[in-house]
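Q: model the structure of this input:
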Amino acid sequence: MTGVLVINADLGPLHRVSLRHAIRMLWRQVAVVHEAEPEQRVGVYPMPRVVRLVSYVVTRWRHTKGPAWSRSGVLERDGRRCVYCGGVASTIDHILPRSRGGANTWLNTAAACYSCNQRKGDNTPAEAGMVLRFKPLAPSWASWGKR
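A: Now for the predicted structure:
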């Protein structure tokens, strides 16, 4: 996982930002280093893994069930690993194909490598003789920042 995790003042995860953005937050004193890489520094600051906001930010959107579905979110949730072979994933596979009514949802999509996605085509995994290595789950806000 790349980037620096930003947590709210109450320690709830918010999102990830680039290292450059995190350093700007530290410089502007809107955040402090909560967890750092050992023995590494960026200028005067320890190399941050996690930064904590100094002031609490109200996030009404976090009271929803979880993050909205997105292609990049599916790849991130699955660690960019193919659900079929475990290789490096670069595409999204619809478990129930869209041509058969499958939707863009967390439970119906999984990261897949190009060759497995092409091999499966417009079939279900069972029809293609392919087995899911793990069951796709819908992430919650609590689990989203813990990667």
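
Q: ok, which stretches of the protein are strands?
A: Counting by DSSP state E, the chain has strands at residues 4-7, 13-17, 31-42, 45-53, 91-94, 109-112.

Q: can you tell me which of the ones you listed is nearest to L132?
A: strand 109-112 (7.0 Å; Cβ to Cβ). Yep, even glycine has a C-beta here, placed from its N, CA and C like the rest.

Q: picking that back up, out of the strands of the chain, which one sits most buried?
A: Ranked by mean neighbour count, the strands of the chain are led by strand 109-112 with a mean of 27 (mean count of other Cβ atoms under 10 Å).

Q: export it to CSV, keeping only CA atoms.
A: Coordinates of each C-alpha in strand 109-112 appear next as CSV, following Å, rounded to 0.1, in the frame of the first residue of the first chain:
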residue,chain,number,x,y,z
THR,A,109,-16.5,-7.6,-8.4
ALA,A,110,-13.0,-8.7,-7.8
ALA,A,111,-9.5,-7.9,-8.9
ALA,A,112,-8.2,-10.2,-11.7
